[in-house]
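Novice: Just a sequence and a predicted model for now, questions to come.
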Amino acid sequence: MDLIFYIGIGVMVASLVALLCAPLFLRPARHERRLLEVVKSDRPDQRTISDKEVLRERVLTLARAFHSRIGFGGDDKLRGKMLSAGIRGSKNMDVYQTLRVLAPLAGIAGGSFIPGSTFMWCMMFGGLGYLLPDIILTRMVKRRQKRIQKSIPDAIDLLVICVDAGLGLDQALLRIGQEIKASHPELHEEFMQINFEQRAGKPRLEAWQSLADRTKLQEFGSLVTMLTQTDRFGTPIVRALSRFAEEIRTKRRQRAEEAAAKTKVKILFPLVLFIFPCIFIVLIGPAILSLMQTLGPQ
């Protein structure tokens, strides 16, 4: 009876894992999706659909419904967070959702092998596995924001030079995106995304606003506001960009000065905990040894 119970538990867990991993492994390849987009038509489909395609589509539909039912559907907030981290594509969304479920199961399975307080270890490792994908994604977003924030002043200076030389704002943005590909790849991706959106017919200000929403940086929000005011009131864009570049440079210098001022406080902790005890041992240690030898038993 126990053997049948364990076999049933194993089959249930294997089915659950297979259902969770189905969107990841059964998803059509990229070239297959492109071919489907090219040949897609509103006319009735007269071709013969194989049983494999029907089965795969049913499994994918069931897996996505299961993800949505347990609260791991692809919501707009998660999609925006992944875009902020530079992760694009629905396949990466399936990977993230699968990890959000498999990581706690792996943590519980790992905690079950620890003797003594097994339930506590299972809960702790399961909670850590549940939080770990979100923690990693948040750290990726913050690192990417810092890299983009450091590269904004240089890009704005290049934008001022190109516009002042006679290029339009869109052409200057495309040229800068190509030039900074090696030094600032994250900003290159964002500028190329703006160019792709504008080529698809999206207005300039809406494309820049999408950039501000993706990166969630105050600098790009201020740039969008400046471009909106320039377009509305007819202010020369070169003058506005020059002033904006000076403000960005000033803010970056202020952040550097603030970080330098914080080091005076941060250095106190390693100084007190690690450096002062070593100095005291070197200075007072020989005197204590001499006193011990002098006052000790003769």
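Specialist: Here it is on my side, so go on. Numbering: from 1, shown residues only.
Novice: Next, give phi and psi for the residue positioned nearest the centre of the chain.
Specialist: Most central residue of the chain, judged by C-alpha distance to the mean C-alpha position with Cα atoms, centre = their mean, is residue 85 at 2.5 Å. As for residue 85, its main-chain torsions (degrees, to the nearest 10) stand at phi -80, psi 0.
Novice: mind checking how far it is from residue 130?
Specialist: Distance, residue 85 to residue 130, using Cβ to Cβ, to the nearest Å: 19 Å. C-beta: built from backbone N, CA, C; applies to glycine.
Novice: that older thread, wait, doesn't the residue nearest to the centre of the chain sit right on residue 142?
Specialist: No. Residue 85 sits out of contact with residue 142 when judged by Cβ atoms under 8 Å, with a separation of 9.1 Å.
Novice: ok, and for the strand or helix carrying residue 92, which residues are buried?
Specialist: Secondary structure assigned from DSSP states H and E places residue 92 in helix 90-111. Of the residues in helix 90-111, those with enough neighbours to count as buried (16 or more other Cβ atoms under 10 Å) are 93-105, 107-108, 111.
Novice: Also stretch 181-198?
Specialist: Under 16+ other Cβ under 10 Å, the buried positions of stretch 181-198 are 184, 186, 187, 188, 190, 191, 193, 194, 195, 197, 198.
Novice: of those, closest to residue 247?
Specialist: The closest of these to residue 247 turns out to be residue 187 (Cβ to Cβ; 18.0 Å).
Novice: Compute the distance between the closest one and residue 134, please.
Specialist: 26 Å.
Novice: Now do the same contact list for the residue nearest to the centre of the chain.
Specialist: When contacts are counted by Cβ atoms under 8 Å, 6 or more residues apart in numbering, residue 85 is found next to 137, 140, 141, 144.
Novice: ok, for residue 209, nearest residue in space, not its chain neighbours?
Specialist: The shortest distance from residue 209 to any residue other than its chain neighbours is 5.3 Å, reached at residue 224 (Cβ to Cβ, 6 or more residues apart in numbering).
Novice: helix or strand for the one you found, which one?
Specialist: In the assignment (DSSP H and E), residue 224 maps to helix 218-233.
Novice: Same check on residue 145?
Specialist: Here residue 145, judged by DSSP H and E, is contained in helix 118-164.
Novice: Would you mind checking the average pLDDT for stretch 109-128?
Specialist: The predicted model gives stretch 109-128 an average pLDDT of 83.
Novice: make that stretch 164-174, sorry
Specialist: Per-residue confidence for stretch 164-174 averages out to 85 on the pLDDT scale.
Novice: where's it relative to the chain centroid, distance-wise?
Specialist: In terms of Cα atoms, centre = their mean, to the nearest Å, the gap separating the centre of stretch 164-174 from the centre of its chain is 30 Å.
Novice: Just the CA trace of that stretch, in CSV.
Specialist: Below are the C-alpha coordinates for stretch 164-174, written out as CSV (Å, rounded to 0.1, in the frame of the first residue of the first chain):
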residue,chain,number,x,y,z
ASP,A,164,24.5,71.2,-33.5
ALA,A,165,26.3,69.8,-36.6
GLY,A,166,23.0,69.7,-38.5
LEU,A,167,21.5,66.3,-38.0
GLY,A,168,17.9,65.9,-37.0
LEU,A,169,17.1,64.4,-33.6
ASP,A,170,16.1,61.0,-34.9
GLN,A,171,19.2,60.7,-37.2
ALA,A,172,21.4,61.9,-34.3
LEU,A,173,19.9,59.3,-32.0
LEU,A,174,20.5,56.5,-34.6
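Novice: quick thing: my sequence starts at 30, can you match it?
Specialist: Sure, I'll start counting at 30 from here, so that last one is stretch 193-203.
Novice: what does it contact?
Specialist: Looking at stretch 193-203 with Cβ under 8 Å, 6+ apart, the contacting residues turn out to be 188, 191, 192, 204, 220, 223, 224, 227, 233, 266, 267.
Novice: Leaving out sequence neighbours, find the closest residue to the fourth one.
Specialist: Okay, so that is residue 204. In space, not counting the residues next to it along the chain, residue 204 is nearest to residue 191; the distance is 5.8 Å by Cβ to Cβ, 6+ apart.
Novice: With residue 174 as the reference, measure out to that neighbour.
Specialist: The separation that residue 191 has from residue 174, given Cβ to Cβ, amounts to 25 Å.
Novice: Neighbour count: the two, which is higher?
Specialist: Neighbour count, other Cβ atoms under 10 Å: between residue 191 and residue 174, residue 191 has more, with 20 against 16.
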